[in-house]
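[1] Sequence and computational prediction follow.
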There are 2 protein chains.
Amino acid sequence: MTYCVGLLLDAGMVLLSDTRTNAGLDNISTYRKMFTFEEPGDRVIAIMTAGSLSVTQTTLARLTDAIENPDSDQTTSIMKAPTMLGVADIVGRMLSDVSAEVATKLDRMGQGASASMILAGQRKGGPMRMFLIYPEGNFIEATADTPFLQIGEHKYGKPILDRVITPQTSLAEAQKAVLLSMDSTLRSNLSVGMPLDMVVIEEGALRISYQRRIEQNDSGFDQMSEAWSGALRNAFAEIAPLD
Amino acid sequence: MTYCVGLLLDAGMVLLSDTRTNAGLDNISTYRKMFTFEEPGDRVIAIMTAGSLSVTQTTLARLTDAIENPDSDQTTSIMKAPTMLGVADIVGRMLSDVSAEVATKLDRMGQGASASMILAGQRKGGPMRMFLIYPEGNFIEATADTPFLQIGEHKYGKPILDRVITPQTSLAEAQKAVLLSMDSTLRSNLSVGMPLDMVVIEEGALRISYQRRIEQNDSGFDQMSEAWSGALRNAFAEIAPLD
């Protein structure tokens, strides 16, 4: 499985993904699930993926091919689409097409494969937008009422986000929140694993503001994780029992 | 859906269940999912249920019928079984039989139904034991390594249990922990709802030590929930950001 989370805040967007991929419990690998595309000053796009690796890799490869193809136009290249909605259309259509192709092959073996994605970005002159793209290619969008989107193993890390995230949350607090949300998921579910990829896109920057891979045994993340465990235990100890 | 959690601790067992049952989003009802059986001084048994209401109600009704049937013996009545393992066998077999019957009926409509249960109890002369009984009737048991069992929507409330529960946890702390685990689940998932049923069985008591229904707007639970939200936000604010 996977855990990816994206926050759409007034100050910008914060994205975090894990890297664990598994085909059964005895075939575990590390694959990047965070992909970024930018033409600084014009547009910045980030895509996070969950689900069948064959579907997500092929989809990303074809999106990249289309960008590099000199014949591509605004309906096929995410770097030429005039708006983020146009980008979402291209990604959704490609995901749907690849899913359908792979499904045809897998059907013969009685198996299935699907994938979903979080797409975030900003185009010059437009607002930041963040979409959750379903395996069928349709999508929903983050709004002020629902300022975060998750794919993969989303339940363990949802309570902390429900409690602390609002559109007014600062980018520094937001990075803490996604890391602690991921920390809870890592502790409770073996199918989500280090290293992590984090991307921050400031509002209006039209480029990746900050990008970082957090490796296993990263001392900063380990300290944050331990501090959070300690703080949770202290908070728990302080709560008065029910009468 | 449902959320039920049971802790098996050195000092005793703590069980908590919600009461929300739904057939689609427009048909939501309240049904008890916590059932207790006791012959004080001889045995105490608690059962929590998740899944298809038709399966769990029929299973519980037949288990009760067997207890009241003067012809029942130690292989059919959970009040006559010589050990908790024997009780688990009876409950598992009944759950499996009822599931199979209901499945036969539903198959014709292309539908399915299944249910799972947590069974906890102690028989005079034996240890406390707690089992998670699967829809097929087989079961696993809580141990010192894994001192809690969950059924239903278990993911939201697992991180807090992973962090604070050990076999040495006191019964007072344990009650707090299951209530806060439930609180996180209630906040993040609409299919789990108040009121709650809590049961505490002290080690060696061979009776229900404490039983309580916590209604919507219970001031004690609301205070605990608010205190926990506040404590979490404070704990979050105290965590230093990643460099």
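    That came in fine, so what should we check first?
[2] residues in contact with A:Ala227?
    A:Ala227 sits next to B:238-240 when contact means C-beta atoms under 8 Å, 6 or more residues apart in numbering or on different chains. All C-beta spots, glycine's among them, are computed from the backbone N, C-alpha and C.
[3] and which of those residues is nearest to B:Met109?
    When the contacts of A:Ala227 are compared for distance to B:Met109 (C-beta to C-beta), B:Ile239 wins out at 51.6 Å.
[4] OK, contacts around the residue of chain A most remote from its centre?
    Relative to the mean C-alpha coordinate of chain A, counting by C-alpha atoms, centre = their mean, the farthest residue is A:Asp243 (42.6 Å). A:Asp243 sits next to B:Gly220 when contact means C-beta under 8 Å, 6+ apart.
[5] tell me, which helix in chain A spans the most residues?
    Using DSSP state H to define each element, chain A has its longest helix at helix A:84-107.
[6] quick one: strands adjacent to the following helix or strand past that helix?
    Scanning forward in sequence from helix A:84-107 by DSSP states H and E, the next helix or strand is strand A:115-123. Its sheet considered, strand A:115-123 pairs with strand A:43-51 (antiparallel), strand A:129-133 (antiparallel) by DSSP bridges.
[7] now strand A:115-123 and helix A:84-107, what's the angle there?
    Inter-element angle recorded for strand A:115-123 and helix A:84-107: 160 degrees (by axes from the mean of the first three to the mean of the last three C-alpha atoms, to 10 degrees).
[8] Let me see the mean pLDDT of strand A:115-123.
    Strand A:115-123 carries an average pLDDT of 97.
[9] Render the CA-only coordinates of that strand in PDB, please.
    Extracted in PDB, the C-alpha atoms of strand A:115-123 (Å, rounded to 0.1, in the frame of the first residue of the first chain):
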ATOM      1  CA  ALA A 115      -4.400   3.400  -9.100                       C
ATOM      2  CA  SER A 116      -5.300   6.800  -7.900                       C
ATOM      3  CA  MET A 117      -3.400  10.100  -7.800                       C
ATOM      4  CA  ILE A 118      -3.200  13.400  -6.000                       C
ATOM      5  CA  LEU A 119      -2.500  16.300  -8.500                       C
ATOM      6  CA  ALA A 120      -1.500  19.700  -7.100                       C
ATOM      7  CA  GLY A 121      -0.200  22.800  -8.900                       C
ATOM      8  CA  GLN A 122      -0.600  26.300 -10.000                       C
ATOM      9  CA  ARG A 123      -0.500  28.000 -13.400                       C
END
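[10] Give me the distance from that strand to the chain's centre.
    Distance of strand A:115-123 from its chain centroid, counting by C-alpha atoms, centre = their mean, to the nearest Å, is 8 Å.
[11] re the thing from before, can I get the strands paired with strand A:115-123 in CSV including distance to A:Leu7, mean neighbour count and mean pLDDT?
    Output for those, formatted as CSV (distance: least, C-beta to C-beta, whole Å; neighbours: other C-beta atoms under 10 Å in any protein chain shown; pLDDT from 0 to 100):
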stretch, distance to A:Leu7, mean neighbour count, mean pLDDT
strand A:43-51, 12, 25, 97
strand A:129-133, 8, 24, 97
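[12] Make sure A:Met130 is actually in contact with A:Ala144.
    No. Between A:Met130 and A:Ala144 there is no contact under C-beta atoms under 8 Å: 11.7 Å.
[13] near chain A, from the contacts of A:Ala227?
    B:238-240 (C-beta under 8 Å from any C-beta of the partner chain).
[14] Redo those residues as JSON lines? Include pLDDT.
    Output for those, formatted as JSON lines (pLDDT from 0 to 100):
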{"residue": "B:Glu238", "pLDDT": "90"}
{"residue": "B:Ile239", "pLDDT": "92"}
{"residue": "B:Ala240", "pLDDT": "91"}
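[15] now that we have those, which one has the most neighbours?
    B:Ile239 (19 neighbours; other C-beta atoms under 10 Å in any protein chain shown).
[16] Now the closest residue to it other than its chain neighbours: which helix or strand?
    Leaving out its chain neighbours, the residue that sits closest to B:Ile239 by C-beta to C-beta, 6 or more residues apart in numbering or on different chains is A:Ala227, at 5.3 Å. Using DSSP H and E, A:Ala227 sits in helix A:219-238.
[17] So which bits of that helix are buried?
    Of all the residues in helix A:219-238, those buried under the rule 16 or more other C-beta atoms under 10 Å in any protein chain shown are A:221, A:224-225, A:228, A:231-232, A:235-236.
[18] How much space separates the closest residue in space to A:Glu238 that isn't next to it in sequence from A:Ala231?
    Distances taken as C-beta to C-beta, 6+ apart place B:Ala231 nearest to A:Glu238, at 5.9 Å, with adjacent residues excluded. Taking C-beta to C-beta, to the nearest Å as the measure, B:Ala231 falls 9 Å from A:Ala231.
[19] Next up, the contacts around the residue nearest to A:Glu238.
    Contacts for B:Ala231 (C-beta under 8 Å, 6+ apart) come out as A:235-236, A:238-239.
[20] Go through these and say which is closest to chain B.
    Among the contacts of B:Ala231, A:Ala235 lies closest to chain B (C-beta to the nearest C-beta), at 3.5 Å.
[21] is it true that the closest one touches B:Arg233?
    No. Contact criterion C-beta under 8 Å: A:Ala235 and B:Arg233 do not qualify, at 9.4 Å.
[22] Can you read off the pLDDT for A:Phe148?
    pLDDT, A:Phe148: 96.
[23] who are the neighbours in contact with the nearest residue to it once chain neighbours are set aside?
    Closest residue to A:Phe148 apart from its sequence neighbours, by C-beta to C-beta, 6+ apart: A:Leu7 at 4.8 Å. By C-beta under 8 Å, 6+ apart, A:Leu7 lies in contact with A:13-15, A:147-148, A:161, A:165, A:169, A:174, A:177-178.
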